[in-house]
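Chemist: No letters, just coordinates:
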Ligand SMILES: CSC[C@H]1O[C@H](OP(=O)(O)O)[C@H](O)[C@@H]1O
């Protein structure tokens, strides 16, 4: 089974429906801007970089199919204003929108279609190159950190930051892949990452697919295995100027554990995930998800005791009816708990508990 979250070719744009993984492997066509809004909003495609890429490519598809006489510039600008409303936290969607809208505003009207399609396709191509560089930078930080003491590491990660969250290879999971490919990975642990279960359904799927030695644990197991862990590596949806980082809910728990157990906690993300317009994490909008996603789990319909038919998914209620719920999709980890931010430019470390992303990074 492919790990390719996004397929973009002359036939159009398709996303792997991640609500059905790992049991069903089904691509969904994205033919219109509304299709794009829907697959992002419903989290059929998710992951900060993937969201930005799908939004950009859906505009490219729309431009390829634009009717004669339709205004390309306004199509680009209006479509991306709408897509920005699909999910508020990941900066990659807003960064992609900014890039394409800028192109549409700055070129001659007759050039909008060609130049915006080029820009959208460049975002896709750049992401894969960046992920390999992010993996190298994260690996380099860890080798530098453990220089002279160990070169095979046990690493824990949270949520899904691999090929299913990007154009391929991944960010934090890219660091784990880089360690594995170079003989520096002893073992990987991944947390299930309730309530969407990106870890148990997606990251575990990727680790098994790549034959990386790994163990799945519940979110609540993390503290009890910290004595086995050499580093915690996570992704990011938005990093602010001082290094505060919004990431999947439960990330802050792990950062506090890392700090308590004196384990390096690393954020791995493309530089485009760093929002220099925001001074600190208190300014980040945290997406709230519907409570149905927390109080139920999707499961295949079991027709009878002898056979399981993967028919229409049914939701199985796992919480007491009537209970109030609080279901944020992300939390914010303060910069002081983060040892390094690994980007495609290299890795940044904090001085006096603050990051300076305008300085030169450590090069991998
Ligand atoms: C490289 S993915 C970054 C980020 O996106 C995920 O969120 P979601 O699954 O809700 O889109 C998670 O926070 C990852 O760490």
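Modeler: Yep, that arrived. In this text the structure is predicted, and so the values were computed from the model without any measurement. Numbers count the residues shown, from 1 in each chain.
Chemist: Apart from its neighbours in sequence, what residue is nearest residue 63?
Modeler: What sits nearest to residue 63 in space, not counting adjacent residues and going by Cβ to Cβ, 6 or more residues apart in numbering, is residue 113, at 4.8 Å. Quick note: C-beta positions are derived from backbone N, CA and C, even for glycine.
Chemist: Likewise for residue 339?
Modeler: residue 264 is the one closest to residue 339 (Cβ to Cβ, 6+ apart), at 4.1 Å.
Chemist: do residue 336 as well
Modeler: Closest residue to residue 336 apart from its sequence neighbours, by Cβ to Cβ, 6+ apart: residue 353 at 4.0 Å.
Chemist: Equivalent analysis for residue 235, please.
Modeler: Residue 235 sits nearest to residue 161 (Cβ to Cβ, 6+ apart), 3.5 Å away.
Chemist: Surely the one you found touches residue 268?
Modeler: Yes - using Cβ atoms under 8 Å, residue 161 is in contact with residue 268, at 6.9 Å.
Chemist: between the two, what contacts are shared?
Modeler: Counting by Cβ atoms under 8 Å, 6 or more residues apart in numbering, the common neighbours of residue 161 and residue 268 are 171, 172, 174, 234, 235.
Chemist: Next, format those residues as CSV and append pLDDT and neighbour count.
Modeler: Below are these laid out as CSV (pLDDT from 0 to 100; neighbours: other Cβ atoms under 10 Å):
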residue, pLDDT, neighbour count
171, 98, 32
172, 98, 30
174, 98, 30
234, 98, 29
235, 98, 33
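Chemist: Which ones among the residues you listed map onto helices?
Modeler: Among those, the members falling in helices (DSSP state H) are 172, 174.
Chemist: can you name the two of the shared contacts of residue 161 and residue 268 that are farthest apart?
Modeler: Largest separation among those by Cβ to Cβ: 174 and 234, giving 12.0 Å.
Chemist: Now the common contact residues for the two.
Modeler: Joint contacts of residue 174 and residue 234 (Cβ under 8 Å, 6+ apart) are 161, 268.
Chemist: Show me how far stretch 74-88 is from its chain's centre.
Modeler: What separates the centre of stretch 74-88 from the centre of its chain is 20 Å, taken as Cα atoms, centre = their mean, to the nearest Å.
Chemist: Need the residues that contact it.
Modeler: Contacting residues not belonging to stretch 74-88 are listed as 33, 36-37, 40-41, 51, 55, 58-59, 62-63, 66, 93-94, 96-97, 100-101, 103-105, 112, 116, 285, 287 [Cβ under 8 Å, 6+ apart].
Chemist: Does that stretch reach the ligand?
Modeler: No - with Cβ under 6 Å from any ligand atom as the criterion, the ligand is not reached by stretch 74-88; the gap is at least 7.2 Å.
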